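Student: Give me a 3D structure for the following:
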Amino acid sequence: MKQTKKERKQLRESFRHMSPGDKVDYIFTYYKLPIFTACVVLALLISSVWRALTKKDPVLYVAYINVTAGETLDSALTDGYLQYMELDPKKQEMIVYRNLYITEDASVEDHQFVYASKMKLIGSIDASRLDVVLMDEDAYNQMSQSGFLYTFSDIADKDPEIIDALTPYITENDVIIEDNAVEYNLNEADEYSAITERRQNAIRVSEFPVFRKAGMSGEVYAGIIANTKRPRQSLSYLHYLLIAE
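Tutor: Numbers count the residues shown, from 1 in each chain. From the prediction side, this is the model:
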């Protein structure tokens, strides 16, 4: 019910003569809902402003597959690249998917971890949130056979000079063009068969100074994901790997 002018005046006068504790109690009792709503709105506003001020633009998405980079190497592969490109780490960042592990070994014990890694990879690729992968030989074979990697002949026009610099390190691998995997898995075929094609789709980076200095064992390869939205940036990153120390 709407209060009259006289009632509002009496209420103000009464409120003026209350003790501080009574005033707090009165406000909390009669205005807690508006106060709570105002606090929520203010909190959301502050959170939105903070996110807008601190949000960083991703310049590249990279995954380590069956490869572990120590703290020094990891910093060189991420912060070092931002410095090389003269980017502001307060405004730009590299997104790195670390500790991914994939294998075709059916006897592997931690199959749930392998499955989760594959799902993360496929999800990132489907969402175009993966550009460059660093892989061991096993992972390279799987990524290549699945057709996930860019063929360098298809990307050569993006930056011919970088392609020329990388050419001595380009490797080739099998890519499955057609197979009977579905029929074989459903026991509709006696044996698995596939039509493959050799393509140049990665570079061997193991002997690059930044990796050799880190003392990594075994071959390490770098490839560009076929559906990347950042092909030039990806090539720039591969070139950085070549010259980084």
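Student: Does the most centrally placed residue in the chain fall in a helix, a strand, or a coil region?
Tutor: When the chain is reduced to its mean C-alpha position, the nearest residue by Cα atoms, centre = their mean turns out to be residue 95, at 4.2 Å. Residue 95 falls in the strand class when you classify it by DSSP: H, G, I helix; E, B strand; the rest coil.
Student: now it: how far from residue 63?
Tutor: In this structure, residue 95 and residue 63 are 9 Å apart, going by Cβ to Cβ, to the nearest Å. (Each C-beta comes from the backbone N, C-alpha and C, glycine too.)
Student: Touching, the residue nearest to the centre of the chain and residue 56? I think so.
Tutor: No - proximity of residue 95 to residue 56 does not meet the contact threshold set by Cβ atoms under 8 Å, at 9.5 Å.
Student: element containing residue 203?
Tutor: Element membership for residue 203 (DSSP states H and E) is strand 194-204.
Student: Return the list of helices and strands in contact with that strand.
Tutor: If contacts are counted by 3 or more Cβ pairs under 8 Å, 6 or more residues apart in numbering; DSSP states H and E, strand 194-204 sits against helix 137-145, helix 152-155, strand 170-179, strand 221-224.
Student: Make TSV out of these and add distance to residue 19, mean neighbour count and mean pLDDT.
Tutor: Below are the helices and strands packed on strand 194-204 laid out as TSV (distance: least, Cβ to Cβ, whole Å; neighbours: other Cβ atoms under 10 Å; pLDDT from 0 to 100):
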stretch	distance to residue 19	mean neighbour count	mean pLDDT
helix 137-145	72	21	96
helix 152-155	77	17	91
strand 170-179	82	15	92
strand 221-224	72	27	97
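Student: Would you convert these into a markdown table that also reports distance to residue 89?
Tutor: Shown next, in a markdown table, are these (distance: least, Cβ to Cβ, whole Å):
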| stretch | distance to residue 89 |
| --- | --- |
| helix 137-145 | 28 |
| helix 152-155 | 27 |
| strand 170-179 | 31 |
| strand 221-224 | 22 |
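Student: Which parts of this structure are strands?
Tutor: Counting by DSSP state E, one finds strands in the chain at the ranges 57-65, 92-100, 132-135, 170-179, 194-204, 221-224.
Student: And those: which comes nearest residue 242?
Tutor: If you check each of the strands of the chain against residue 242 by Cβ to Cβ, strand 194-204 wins as the nearest, at 8.1 Å.
Student: Between strand 170-179 and that closest one, find me the angle.
Tutor: Comparing the axes of strand 194-204 and strand 170-179 via axes from the mean of the first three to the mean of the last three Cα atoms, to 10 degrees yields an angle of 160 degrees.
Student: Give the residue spans of this protein that score low on pLDDT.
Tutor: Within the chain, the stretches falling below the threshold (pLDDT under 70) are 1-18, 21-55, 106-109.
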